[in-house]
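*Asks:* Sequence first, then the predicted structure, then my questions.
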Amino acid sequence: MKRTSLFFLLFICCYTMNGQEETPTTDSIPDTNGDIPILSLSETELEADDEFENISGILASSRDPFTSAAAFNWGISRFRIRGYDNNNTDVFINGSYMNDLETGRTFWSAWGGLNDVLRSREMVFGLNASDFTHGGINGAINMDVRASAQRKQLRISYASSNRSYFHRIMGVYTPTLSNGWSLTLSGSRRWADEGYIEGTFYDSWSYFLGVSKKFGKQELSLNVLGSPTKRGRSGGSVQEMYDIAGTNYYNSFWGYQNGEKRNSRVGNAHQPISILQHKWEIGETSNLTTTVSYQFGRNGSTALDWNNARDPRPDYYRYLPSYVRDPNVAQTLYSAMAADENLRQLDWGYMYNANWYTAPTTITDVNGIEGNDVTGIRSKYIVEDRRFDKKKADLNLVYNKAVGDNVKVNFGYYYRWQKTRNHKVVDDLMGGDFYLDTDRFSERDFPDNPDVLQNDLDNPNRIVREGETFGYDYYSNINKTGIWLQQQLSLDKVDLFMSLNAGRTQFWRTGNFRNGRFPESSLGDSEKQNFFDLAAKLGAVYKINGRNYLYANAGYLQRPPSYRDAYLSPRTRDQVAPNLTTEKIISTEGGYQLKSPAFKGRATAYYTKFEDGVSTRSFYHDIEQTFVNFTLNGIDKQHFGIELAAEAKVMPGLTLHAVTSIGQYTYTNRPKAYITQDNSSEFLAEGRTIYQKNFYVGGTPQHAYNIGASYRSTKFWFANVNFSYFNEIYLNFNPDRRTAAAVEDVEYEGEYWTSSVNQEKLASQISLDLFGGKSFKIKNDYFIYLTVGVSNVLNNKNFITGGFEQSRFAAENVFRFPSRYYYAYGVNYFASIAFRY
Amino acid sequence: MKKVFNFSIPIFLFSIIIFSFNACVDQDFDEPPRDGGITDYETNSTVEAVKKIYEDFNANVPPDEVAIAFITEDVVIGGIVTADDASGNFYKELVMEDATGGIKISLEFTDFNNDYPIGRQIWVKCRGLVIDKYQDSYEIGGGIDEDGRLEGIQRGLADDFIIRGLRGEYIIPEVSSMGNLSLGDVNRLVTLENVEFIDGETDVVFSDNVGLTSVNRNLKDCNGNTILLRTSGYADFAGSTTPAGNGNITAVVGAFNDDLQLFIRDLNDVAAMTGARCSGGGGNPPGGDCDVEEDFSGGTTFDPINETGWTNVAVAGTEPWVYRDFDNDFFAHKQGYQSDDPNIESWLVTPAIDLSTAKVLNFESETAFWAHDGLSVWFSNDFNGNVENATWNQLSANLAGENNANYERVNSGNINLPVGGTGYVAFKYVGDNTTNTSTYRIDNIFVCKP
């Protein structure tokens, strides 16, 4: 009774406060020892840009066969647990919140290559209770990187792979120190001149410093880590190009420059994180953990930009045989492109020459200064660097207290702040003298209004050179604060928990340019957007006996729209989507678990409903020559399904397992679309109904199956074999094709109507993976570990994992802009040798 | 044992570090080679001979059955690019010329001036290409589409057919005159000496850069010859104004319905037109001897039209026709939108026209924000200064209307006026400030001998 009243007291306290804990909920797919990259495309990012692909450096230490399968064996299919978007897991390092506040997503690459120091972590699945955060619908992860928590060792490893990188050298050193001091140093280098996909170089370092000192019951830890990484990217293409190139790993982003492969899309990120943590054991029953962290640095990705010149992308639809109307010529072109790699790749020589041989022009009144005329070559082609330079600070406080033997109370407070400078910078003028900071679409459409075409109206006719900002320049300002409270009750037969979370989110835009199209709504601070959110979770475990458990959890969560989704066209103005509101999520899960020495099993059913979601994405429209922004408001989804996992020890050392995830993730309503473009204040569509009810959530198999065997020898070696089957994979769809307007001019339910409206289902796939290793103990002093993993042993190169329909479409013939696909790698390996002392 | 180990670890570490730092991922690139072009390539034919392939293919074929000809022989021609798409006046077609003539090459990609700029020597390996003739212009293309029309050379195949030579080898255009040009000169670059834009078409925009439609302007020489200068609305100089002076023009010759036209590449082609204009009139459309030649130039924007001999009166409402201008091209303007007048009826009447001989009326109209047909054209024999007392008969003219883009210029066509006595033409605008609010503009009003 007393405990209950305490809980309700805290509930009221929590409820009446304005703060609230943000409740992002996602699933993260932890990576495995083999560094299998888990790719997840941000839907809020530009299409075809896998700029934010997440490489989870986390090792799936979980013994849970389901998690293990999802991480190791289903990664190839870009499987997402329960189909949840990837912004749904809260990730912490030493209690410091790591999700990006602008998108809600976690960029695992920020600590890539530091696997050696990230091995200690606490994972919370689904709606279960967590001691370090309120958590979302897909749980949370906290990685404990304190030097004092690291294993005392010197470990050096070399790995070879044919995935993103070919070589990896990684080391960690944690000496034994006295007087309560601990120290950990780690670093790595990962590189490849070319990864699995042509034209993708990889060049990454990482560093880690951890110092901690214990003062009696208190401990202070400082950690600094970072992972400066440059890499050439790859993008999905249309099947026609894959067929012409003769490979499903065709990459249009690169081309030869003087015989060397140069990639136009180079990611270059370095966002070091510093974390200061104080842990305090207060008496026998409680502890207080306080963390302050700061992260800053650059995150950019280059791309080509051009004006008064043709589209340089080799897979631009007008250059493809399918666009040719003379069938004989189409065949000739097909053969020519198949035979000549240069016709399939970027032509850097052409672009440089286009710049070099451009006649010098005189730009008058540069920066609006009369008589300030500059003469030189205005580049037609440049490489630009689209930057998301972040500053982020985080204060996190968690208080845990045990009340008696049965009750644990957790209380948390946080304040999170992030300011991201979104802008683009001239990276390479490619032989020209300068670039002009004007909007080329406006040049054509408003020939008599010189103001309109200025991107920076206060400095009209601005010329920019390498390293200078142009196009757009704004800060996103976000802060979140909140508290959470949880009570866990542990009885003989029943465990119960309840938790509450209340938070406040505020964000606004600060423009650094007065945009000529939007002079009144682009410069300076915008109106501040404020959202309050509440969340509650409730769960119970019923212990039938020591081996059989029943459990059930339920949660209700509100989630403010992410900054990235809230603004219609943040590059140019501060207009937010109409009727912006918090997303509401109701989720329940329940099941049965069996834990016995010879047999382990788990069966879970879940149901989750999302309401009032908002999403904004932008794409470059080559005819309009501008970014078109597509905001969907009021998105409802439901995700339900079952997860089954069983593991049996059939003989000493040999374990068999079977794992299944069968779900159905669908959109359940018809949201409204608001379409804008970067250079016009007019809505291209306002409140257009999107007929996406009962469409499937794309980009993940909705059904995944895995069976496998693992043998662990007493002679220090092990081998695993896994077979996976994936089904019900749907392509992400372009909502605008599911509108009355899109099909008004084609025959009702005719071929084009059907192709425009129906969602594409991708083929079922299989995958076979092998993994094994052996360890040697030498002279009682040091160990050698060998591990080898081979994925997709059957070399299935026709495995479409996802892709997207092009945002641009031709209503009269949807085949003109066919979908772009991503293929899973064929057979690939990862082998490592490690020395530990 | 332990000693050995302790010794080996630093060596191992050292070698790892050396290995790692040596493993640079080279991302520095040298500049690509310059595309200066080759100096020579063997030719075995001429532009004239290639045209003959088309003629031979269509010899003995009835006119309605002529078709695009395939070039199946190893024909190689060489020439200099005389027009590219840098200014936008030419789109997806370049013009090249050798000693025997000029020819168009149709391309399926834009911004080809980066590859084949004016003045560049090129050689075309014609085998596998096709040739067509349209409006007296021979054009080489890459294929034939499903409608039987010429399709340009594809980007991915261009290097198989077109070889790039030296840049800057500009051709010196043949000096000619309007009277000497013939259909055989189509696609040639020529210089015409001592020409000028006709009265009323000086200091006006070359083309419609708002509505993005092509516009014809008239050039004349001092001998009374005229020729059209046609300019695309997409040309980057479309919004620039025509020179007022007399001088040389350089242009590519084209044709439409067997009438010759000129196309300039950019404003440098008319830069010499700064001299004194021809003395005496002549050369005005539709013919010579005009009773009315009104381009409203020299007016003051928003002032009521006040031209000698003209009558400008508001029969309903208070606002007569006013002057407005676009880039200094003045015209008469009337709109209902934002008018103070609930009912508008405004008349603009020409000076007296001597109709003892046949006369032809020609003018241009525009509409914008069209809401109603507000403009009509009338004729009277008994107008004496008061429109309400005169007898008016409506004339049938081709007027800007609902289907025209905002401010798209529409030529009235030549309208024959009734012969006999003295006549007047009136432009009447009727509207209001609520629903019938269309903007109408009229300009370049000519009443001349046919």
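*Replies:* Here it is on my side, so go on.

*Asks:* For the closest residue to A:Ser96 other than its chain neighbours, what is the enclosing helix or strand?
*Replies:* Nearest residue to A:Ser96, sequence neighbours excluded (C-beta to C-beta, 6 or more residues apart in numbering or on different chains): A:Ser293, at 3.8 Å. Glycine gets a C-beta too; all of them are placed from N, C-alpha and C. Taking DSSP states H and E as the definition, one finds A:Ser293 inside strand A:286-306.

*Asks:* Now that strand - C-alpha only, CSV.
*Replies:* The C-alpha atoms that make up strand A:286-306 are tabulated as CSV, following Å, rounded to 0.1, in the frame of the first residue of the first chain:
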residue,chain,number,x,y,z
SER,A,286,20.3,4.1,-4.0
ASN,A,287,22.6,5.6,-6.6
LEU,A,288,22.7,8.7,-8.6
THR,A,289,24.2,9.0,-12.1
THR,A,290,24.8,12.4,-13.6
THR,A,291,26.1,12.7,-17.1
VAL,A,292,27.1,15.8,-19.1
SER,A,293,28.1,15.4,-22.7
TYR,A,294,29.0,17.6,-25.6
GLN,A,295,29.2,16.7,-29.2
PHE,A,296,30.2,18.9,-32.1
GLY,A,297,31.6,18.6,-35.6
ARG,A,298,31.0,18.3,-39.2
ASN,A,299,28.8,15.9,-41.1
GLY,A,300,28.7,16.4,-44.8
SER,A,301,28.1,14.7,-48.1
THR,A,302,29.1,16.0,-51.4
ALA,A,303,27.1,16.1,-54.6
LEU,A,304,27.3,17.6,-58.0
ASP,A,305,25.5,20.9,-58.8
TRP,A,306,25.3,22.5,-62.2
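
*Asks:* What strands line up against that strand, and which way round?
*Replies:* Taking DSSP bridges as the criterion, strand A:286-306 forms sheet pairs with strand A:266-270 (antiparallel), strand A:273-282 (antiparallel), strand A:381-403 (antiparallel).

*Asks:* Centre of the chain to the last one, how far?
*Replies:* By that I understand strand A:381-403. Mean C-alpha position of strand A:381-403 versus that of the full chain (C-alpha atoms, centre = their mean, to the nearest Å) differs by 14 Å.

*Asks:* is chain B contacted by the next helix or strand after that strand?
*Replies:* Reading on from strand A:381-403 to the C-terminus, the next helix or strand found by DSSP H and E is strand A:407-428. No. Counting by C-beta under 8 Å from any C-beta of the partner chain, chain B is not contacted by strand A:407-428; separation bottoms out at 9.5 Å.

*Asks:* so what secondary structure elements neighbour strand A:407-428?
*Replies:* Helices and strands touching strand A:407-428, by 3 or more C-beta pairs under 8 Å, 6 or more residues apart in numbering or on different chains; DSSP states H and E, are helix A:2-16, strand A:381-403, strand A:469-490.

*Asks:* Can you give me the neighbour number for whatever residue of chain B ends up closest to chain A?
*Replies:* Sorted by distance to chain A under C-beta to the nearest C-beta, the residues of chain B start with B:Gly143, at 2.9 Å. Around B:Gly143 sit 27 other residues, with neighbours defined as other C-beta atoms under 10 Å in any protein chain shown.

*Asks:* Pull the contacting residues for it.
*Replies:* B:Gly143 makes contact with A:324-326, A:328-329, B:130, B:150-151 under the criterion C-beta atoms under 8 Å, 6 or more residues apart in numbering or on different chains.
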